[in-house]
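Student: A structural model of the following input is requested.
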Amino acid sequence: MIKAVMPVTLALLATTSQAFAQGPLHVDITDGTASPLLIAIPEVASGVIPGVANGEDAGEALARIVRADMSSTGLYRLVSIDGRYSGSEEVAFAPFARAGAQALVLGRARPSGNDALAYDCVLYDVFGARIETSQRILVSKAQWRRAAHKCADMVFAFTTGDQGHFDTRLLVIGQAGSAPGQGTSLLSMDFDGENRTSLTEERELVAMPRFGPGSRRIIYTSFTGPGPKLVLDDLDSGESRTLDLPKGVPSAPRFSPDGASVIFSLARDGEADIHVIDLSSGAVRQLTSNAGADTSPSYSPDGTSIAFESDRSGEPQVYVMASDGSGQKRISFGAGAHGSPTWSPRGDLIAFTKIENRTLRIGVMKPDGSRERIITEGGRDEDPAWAISGRAIAFQRTAGGEALPAVWITDLTGKLARQVKVGSSVGEPAWSGKRP
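Tutor: You can find the predicted model right below:
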C-alpha cells in the first residue's frame, strides 16, 4: 500500500528540475494514437472568490475546466474517486492508486491582491508518490478560466513533450442571419468557445482570418469598400492597416513564421498566383506564374518551404515549393482533389481538404505526400487549422441539410471530433499560438 502523504499547501510550492516526463507519466504518441494516461483531477475546494467562476467554488470550477481540457485530447482517461479535497488536506496517494490512476493533478485557487487570481497547479506521479512538476499561475480575475487552461497546458507539456493548446484563441467568421450572404463579422474566442469578442462591425464582409506569430496581430480579407483588400490589425494598439498590393483580388493571406511578411494569392486576368509582401518595405514578389489558380499558401514552421493548392494539373492538388518559389512539385496523388493545405507546427504533417464524390473531408499527409489518411467523415468538412501542439485540428463543418457552418475540433485519429459551442453559426477557423 502507498502510505506517502504530502500537505497540499507545501506540495504546491515544490518544483521539479525535469523538463518532461521520461518515465511512467510520459505519453508515447504515434500517428495521433496513444495508450491513454490514467489521470485523476479531483475538485479541491477553494471557496467562493469574488469575481471568479460566477459565484461557484473557484477550485471546483477550475478543476472541471482542467478535466474537460485533458479529456478532449484522447490522450488521457479520467479516473474518479469519491469526495473532494480541501486546500489544507494532505495528499493521500493510496485511494488514487487503488482506482488505477497513474497521475494526479491538484489545483488550489486563492485571491492575489484586489484583481488577480493565483492558481497553484501540481502534477504528481501516483505510484512514485512524488511531485513531477508544478506551477504557480497568476491571472486577472476577469480571465480566471485561463488559470485552468494554463494548468492543463503544464500537464500536457510534461507528459507529451509538446506545447499545450488549451490557453489559446480561435478566430472565426460569424455569420449574420439564417442564410449565407447576409453579412459576417470577425470573432475571437477561447479554444473552447468561451470569452467571445467581436473584432469587426456586424455585417461587415470579412473572410480568411489568420493569427500572426505571438498572436497579437491578425490578417484577413475584407470586402468592405470598393474592392477586396487585405487588412492587418494590431490587437494591442487597435491600429488597422490595409496592405498596398498590386491590382487584383487578394485572398488566403498568412503570416510568415517570423512575422516579417505575408504570403497570399492574387487573382487577375483569369489567373491566380502566389505572392509575398514584406511588411516593412512593402515590396511584393510573385512566387508562381503557372496557368490556372494557385492559392491557399502555407509556410513550413522553419519558413523554408511553402505548401499551396493549384489546379494546374486539371483539378486542385497540393504542391510544395521553396520559400523563393523554386522547386515546385505536386505531392498529392490520391483519388479526388486536394486543397487548403496547412502545415503542422511540428512540421511533420500537412492537413488538407479532400474533395471526392461530392464530399469534403479533412485529411493529413506527410510533407512528401506519403501516408495520406482521412480523419473526418462529415459531408462537408473544410478549412483545417492546426493547434500549436500539432495534436488537434479545427475545421469548418456544414452538416447535411444546413445552410450555415459550425466550427469543430478533432484529434488526429478523428475519433474525438466535437463542435465548438458558440450559440451562432461560425466558420473559417484560425488557431492562435501561445498567448502572452
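
Student: Please look at residue 155 and residue 71 and confirm they touch.
Tutor: No: if you go by C-beta atoms under 8 Å, residue 155 and residue 71 don't touch, sitting 11.9 Å apart. Every C-beta, even on glycine, is put in place using the N, C-alpha and C of the backbone.

Student: Look at the residue nearest to residue 213 when sequence neighbours are not counted and report its pLDDT.
Tutor: For residue 213, ignoring the flanking residues on the chain, the nearest one in space by C-beta to C-beta, 6 or more residues apart in numbering is residue 259 at 4.3 Å. Confidence at residue 259, expressed as pLDDT, is 97.

Student: ok, residue 259 - how many residues close by?
Tutor: Applying other C-beta atoms under 10 Å, we find 13 residues neighbouring residue 259.

Student: Could you pull up the residues touching it?
Tutor: 212, 213, 214, 217, 279 (C-beta atoms under 8 Å, 6 or more residues apart in numbering).

Student: coming back round to it: so between residue 155 and residue 71, which is more surrounded?
Tutor: Shown here are residue 155 and residue 71; by other C-beta under 10 Å, residue 155 has more neighbours (28 against 16).

Student: Helix, strand or coil: sort out that one for me.
Tutor: Three-state assignment for residue 155 (DSSP: H, G, I helix; E, B strand; the rest coil): helix.

Student: Nearest residue to it in space, please, no chain neighbours.
Tutor: Nearest residue to residue 155, sequence neighbours excluded (C-beta to C-beta, 6+ apart): residue 123, at 5.3 Å.

Student: what sits against the one you found?
Tutor: Neighbouring residues of residue 123 by C-beta under 8 Å, 6+ apart: 25, 103, 104, 105, 131, 132, 133, 134, 154, 155, 158, 159.

Student: same question, residue 191
Tutor: Contact analysis of residue 191 by C-beta under 8 Å, 6+ apart lists 149, 165, 166, 168, 169, 170, 387, 409, 420, 431.

Student: now the fifth one, which residues is it bridged with?
Tutor: In other words, residue 169. Using DSSP bridges, the beta-bridge partners of residue 169 come out as residue 190.

Student: Nearest residue to residue 291 in space, please, no chain neighbours.
Tutor: Per C-beta to C-beta, 6+ apart, closest to residue 291 is residue 312, 6.3 Å.

Student: what helix or strand does that neighbour sit in?
Tutor: Assessed by DSSP states H and E, residue 312 sits outside every helix and strand.

Student: hang on, the earlier thing: among the contacts of residue 191, which one has the most neighbours?
Tutor: The most neighbours of any of those, using other C-beta under 10 Å, belong to residue 166, which has 30 neighbours.

Student: can I see the domain layout of the protein?
Tutor: Following automatic domain parsing, one finds the domains of the chain at 5-160, 169-431.

Student: any idea which of those scores lowest on pLDDT?
Tutor: Mean pLDDT is lowest for domain 5-160 among those, at a mean of 85.

Student: distance between it and the chain's centre?
Tutor: Put simply, domain 5-160 sits 21 Å off its chain's centre (C-alpha atoms, centre = their mean, to the nearest Å).

Student: and what of stretch 208-227?
Tutor: That offset, for stretch 208-227, works out to 17 Å (C-alpha atoms, centre = their mean).

Student: Please apply the same query to stretch 201-219.
Tutor: What separates the centre of stretch 201-219 from the centre of its chain is 15 Å, taken as C-alpha atoms, centre = their mean.

Student: Could you do stretch 304-322 as well?
Tutor: Taking C-alpha atoms, centre = their mean, one finds the center of stretch 304-322 at 24 Å from the center of the full chain.

Student: what's the span of it, first residue to last?
Tutor: This stretch, stretch 304-322, spans 6 Å end to end (C-alpha to C-alpha, to the nearest Å).

Student: which residues of the stretch 101-250 of the chain fall in helices?
Tutor: Ranges of helices in the stretch 101-250 of the chain, per DSSP state H, counting those that start in this stretch, are 145-160.

Student: quick one: the strands in it?
Tutor: In the stretch 101-250 of the chain, the segments counted as strands under DSSP state E, counting those that start in this stretch are 103-112, 116-125, 130-140, 169-175, 184-190, 197-198, 206-211, 217-222, 229-234, 240-242, 249-255.

Student: Export these as JSON lines, with columns for distance to residue 77.
Tutor: Output for these, formatted as JSON lines (distance: least, C-beta to C-beta, whole Å):
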{"stretch": "strand 103-112", "distance to residue 77": "10"}
{"stretch": "strand 116-125", "distance to residue 77": "16"}
{"stretch": "strand 130-140", "distance to residue 77": "18"}
{"stretch": "strand 169-175", "distance to residue 77": "26"}
{"stretch": "strand 184-190", "distance to residue 77": "24"}
{"stretch": "strand 197-198", "distance to residue 77": "34"}
{"stretch": "strand 206-211", "distance to residue 77": "32"}
{"stretch": "strand 217-222", "distance to residue 77": "36"}
{"stretch": "strand 229-234", "distance to residue 77": "41"}
{"stretch": "strand 240-242", "distance to residue 77": "46"}
{"stretch": "strand 249-255", "distance to residue 77": "36"}
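
Student: How many residues are close by residue 100?
Tutor: If you count neighbours by other C-beta under 10 Å, residue 100 ends up with 11.

Student: residues in contact with it?
Tutor: Listed by C-beta under 8 Å, 6+ apart, the contact partners of residue 100 are 38, 79.

Student: which SS state does it fall under?
Tutor: Of the three states, residue 100 takes coil under three-state DSSP.

Student: What separation is there between it and residue 75?
Tutor: Remark: distance between residue 100 and residue 75 (C-beta to C-beta, to the nearest Å) = 16 Å.

Student: Residue 367 belongs to a helix?
Tutor: No: going by three-state DSSP, the assignment for residue 367 is coil, not a helix.

Student: wait, doesn't it sit right on residue 331?
Tutor: Yes: the pair residue 367 / residue 331 is scored as a contact, 7.4 Å apart, by C-beta under 8 Å.

Student: who touches both of these two?
Tutor: 307, 320, 350.

Student: looking at these, which has the most residues close by?
Tutor: residue 350 (27 neighbours).

Student: pretty sure that one is touching residue 365, no?
Tutor: Yes: here residue 350 reaches residue 365: they are 5.6 Å apart, a contact under C-beta under 8 Å.

Student: Report how many residues lie close to residue 425.
Tutor: The tally of other residues near residue 425 (other C-beta under 10 Å) stands at 22.

Student: Tell me the secondary structure of the residue lying closest to it once chain neighbours are set aside, please.
Tutor: Distances taken as C-beta to C-beta, 6+ apart put residue 404 closest to residue 425, at 3.7 Å, once the chain neighbours are dropped. Put simply, residue 404 is coil when judged by three-state DSSP.

Student: hang on, the earlier thing: out of the contacts of residue 259, which is most surrounded?
Tutor: Neighbour counts for the contacts of residue 259 (other C-beta under 10 Å) peak at residue 212, which has 23 neighbours.
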